[in-house]
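Enquirer: Build me a model from this:
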Amino acid sequence: MQSHNLNLPKIPELLSPAGNLKKLKIALEYGADAVYGGVSHFSLRNRSGKEFDFDTFKEGVDYTHQKRKKIYVTINGFPFNSQLKLLESHIEKMASLKPDAFIIATPGVIKLASQIAPEIPIHLSTQANVLNVLDAQVFYELGVKRIVAARELSLKDAIAIKQTIPDLELEIFIHGSMCFAFSGRCLISALQSGRVPNRGSCANDCRFDYEYYVRNEENDALVRFSGKEIYARNPDNGVMMRLEEKEGVGTHIFNSKDLNLVAHIPTILESGVIDSLKIEGRTKSAYYAGITAFAYKMALQDYAKGVFMEQKYTHELDTLKNRGFSDGYIIHRPYEKLNTQNHLTAISEGSYQVNAEVSEDGKSALCRHTIRLNEPKEIVSAQLDEIKESKNEIGEIFSKNGKKYLQFFKILLENGKELESIHSGNENAFILPFPLPPFSFLRQKL
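Expert: Got it, this is the predicted structure:
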């Protein structure tokens, strides 16, 4: 446990991804102060944007404001001339929902949004790649209230920007996927599959498994690896890239690890220059939305109490699927440690398996991994202290080693059917023996 000076700086906003309405609610339930998301038009995450339509996004805005929290709308794509009329209409429609800010990437769209909806604050997307005082000043003069800094920004440079422009808010990423290139500026996906990263449809080609091929000198054909001239081949579409292989390096040649800055929360907060801490991951799972908000909120709250228990937060973050973790650029330069790529796997499972997601009313759950009778599953909840030990004919809640568990004596579906076990393919909700807090999870250690 780390203690620190009780003359504490302000605690920044914790900002979580809202890939759909359910994830929005989960992020807020588990501690986020604000969320960000959008519909598919002009959003940098087309897949997650399609989870929202106008009506459900409006519901999300209203729900967030009822919780007295904030929501920011992503309009951070890079539009073509042919899309400008549609863009104008989209800005007008989003402005009618009265969000707390627009997240925008380009100067032209900033100007357009300022004309159409001058009452909506503008946050500059990380896609603008602001790394220095000069660029920050230009966007500030354009009316930008907050800059979502490039992931490549160092804390030292963030301090310099804040000292020069004290009224400009700074937001940094603290957790989630890292782009192989400057955020969104990679063309591998566009070249291989026609999916353009900075227009919201990156295929994550940097994560793919690549196979090694070499040239056969007899017939000039490319064959599987057995020589010095090495090629990486994407087995999904046949695209090949020439490369050099170092001994012991695997075929995940571009696979950057995930960002994880929880260990550096005290240093970041004590700089006094960061206004918002952002978690990446609109396309990730509901469990990811909850656990990332939960872990970082714990870290911030503990810090505010004058303590910091890094292992407690790390334990929760390690339960998530990940590519390995890196602290990115904010404290160290990657070349100083040479540990920013995962050469072994595209993604690993994490230390826990999610077995079930509890409904919003807390009375039922959906299976996400096998649940059998009399097998205890750990309960994860933002309101764990409110869960009491109980027992009935359906199941039992009990405590062990500071954690709470649920085991089933009967598995009863809402449609009345009784099962000996339930598996992830079954999308019928099953009844809980006792109500749990909204959006709780059941999990087991791998």
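Enquirer: Quick one: low-confidence residue ranges for the protein.
Expert: Along the chain, segments meeting pLDDT under 70 span 1-8, 41, 43-50, 183-185, 197-200, 212, 214, 225-230, 241-253, 334-346.
Enquirer: Next, name the residue at the spatial heart of it.
Expert: Of all residues in the chain, the one closest to the mean position by CA atoms, centre = their mean is Gly281, 2.1 Å from it.
Enquirer: Ramachandran angles for that one?
Expert: Dihedral pair for Gly281: phi 130, psi 50, per degrees, to the nearest 10.
Enquirer: Let me see the ranges of the helices in the stretch 101-250 of the chain.
Expert: 107-116, 133-141, 155-164, 188-193 (DSSP state H, counting those that start in this stretch).
Enquirer: one step back: surely the residue nearest to the centre of the chain meets Ala18?
Expert: No. With contact defined as CB atoms under 8 Å, Gly281 does not count as touching Ala18 (10.0 Å). From N, CA and C alone the C-beta is placed, and that goes for glycine too.
Enquirer: Can you pull the residues that touch both of the two?
Expert: With contacts taken as CB atoms under 8 Å, 6 or more residues apart in numbering, Gly281 and Ala18 have Ala289 as neighbours in common.
Enquirer: re earlier: make CSV from the helices of the stretch 101-250 of the chain and add distance to Ala365 to it.
Expert: Shown next, in CSV, are these (distance: least, CB to CB, whole Å):
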stretch, distance to Ala365
helix 107-116, 41
helix 133-141, 45
helix 155-164, 41
helix 188-193, 36
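Enquirer: In a markdown table, list the ones you listed along with distance to Lys70 and mean neighbour count.
Expert: Below are the helices of the stretch 101-250 of the chain laid out as a markdown table (distance: least, CB to CB, whole Å; neighbours: other CB atoms under 10 Å):
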| stretch | distance to Lys70 | mean neighbour count |
| --- | --- | --- |
| helix 107-116 | 17 | 17 |
| helix 133-141 | 20 | 16 |
| helix 155-164 | 21 | 16 |
| helix 188-193 | 31 | 17 |
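Enquirer: Just the C-alpha atoms of stretch 261-280, please, in PDB.
Expert: Extracted in PDB, the C-alpha atoms of stretch 261-280 (Å, rounded to 0.1, in the frame of the first residue of the first chain):
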ATOM      1  CA  LEU A 261      -1.700   3.400 -16.500                       C
ATOM      2  CA  VAL A 262      -3.300   2.400 -13.200                       C
ATOM      3  CA  ALA A 263       0.200   2.200 -11.500                       C
ATOM      4  CA  HIS A 264       0.900   5.800 -12.600                       C
ATOM      5  CA  ILE A 265      -2.400   7.300 -11.200                       C
ATOM      6  CA  PRO A 266      -0.600   9.100  -8.300                       C
ATOM      7  CA  THR A 267       2.000  10.600 -10.700                       C
ATOM      8  CA  ILE A 268      -0.600  11.700 -13.200                       C
ATOM      9  CA  LEU A 269      -2.800  13.300 -10.500                       C
ATOM     10  CA  GLU A 270       0.100  15.000  -8.800                       C
ATOM     11  CA  SER A 271       1.000  16.800 -12.000                       C
ATOM     12  CA  GLY A 272      -2.200  18.700 -11.600                       C
ATOM     13  CA  VAL A 273      -2.700  19.200 -15.300                       C
ATOM     14  CA  ILE A 274      -5.000  16.400 -16.400                       C
ATOM     15  CA  ASP A 275      -8.800  17.100 -16.300                       C
ATOM     16  CA  SER A 276     -10.100  13.800 -17.700                       C
ATOM     17  CA  LEU A 277      -8.900  10.200 -17.700                       C
ATOM     18  CA  LYS A 278     -10.300   8.300 -20.700                       C
ATOM     19  CA  ILE A 279     -10.800   4.500 -21.100                       C
ATOM     20  CA  GLU A 280     -10.800   3.100 -24.700                       C
END
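Enquirer: one step back: right, and the helices of the stretch 101-250 of the chain - which one's nearest Ser390?
Expert: Closest of these to Ser390 is helix 155-164, at 47.4 Å (criterion: CB to CB).
Enquirer: got the angle for that closest one vs helix 133-141?
Expert: Computed by axes from the mean of the first three to the mean of the last three CA atoms, to 10 degrees, the angle separating helix 155-164 from helix 133-141 equals 50 degrees.
Enquirer: returning to what we had before: for Tyr329, which of the helices of the stretch 101-250 of the chain is the nearest?
Expert: Across the helices of the stretch 101-250 of the chain (criterion: CB to CB), the nearest stretch is helix 155-164, sitting at 9.1 Å.
Enquirer: for that closest one, packing partners?
Expert: Applying 3 or more CB pairs under 8 Å, 6 or more residues apart in numbering; DSSP states H and E, one finds that helix 155-164 contacts helix 133-141, strand 169-176, helix 265-271.
Enquirer: Can you give me every residue that contacts Ile274?
Expert: So Ile274 contacts 12, 158, 170-172, 268 (CB under 8 Å, 6+ apart).
Enquirer: Most neighbours among these, which one?
Expert: For these, counting by other CB atoms under 10 Å, the largest number of neighbours falls to Ile172: 26 neighbours.
Enquirer: Against Val133, how distant is it?
Expert: To Val133, Ile172 is 16 Å away according to CB to CB, to the nearest Å.
Enquirer: likewise Ile331?
Expert: Going from Ile331 to Val133 by CB to CB gives 20 Å.
Enquirer: The nearest residue to Ser256 once chain neighbours are set aside: what's it in contact with?
Expert: The shortest distance from Ser256 to any non-neighbouring residue, by CB to CB, 6 or more residues apart in numbering, is to Met178 (4.3 Å). Taking CB under 8 Å, 6+ apart, we find Met178 in contact with 151, 256-259, 326, 328, 340.
Enquirer: got a winner among those for most neighbours?
Expert: Gly328 (26 neighbours).
Enquirer: What sits closest to it if chain neighbours are left out?
Expert: Leu259 (4.7 Å).
Enquirer: quick one: secondary structure of the one you found?
Expert: Three-state call for Leu259 (DSSP: H, G, I helix; E, B strand; the rest coil): strand.
Enquirer: That one is in contact with Cys179, isn't it?
Expert: No. Using CB under 8 Å, Leu259 is not in contact with Cys179, being 10.2 Å away.
Enquirer: Noted, bye for now.
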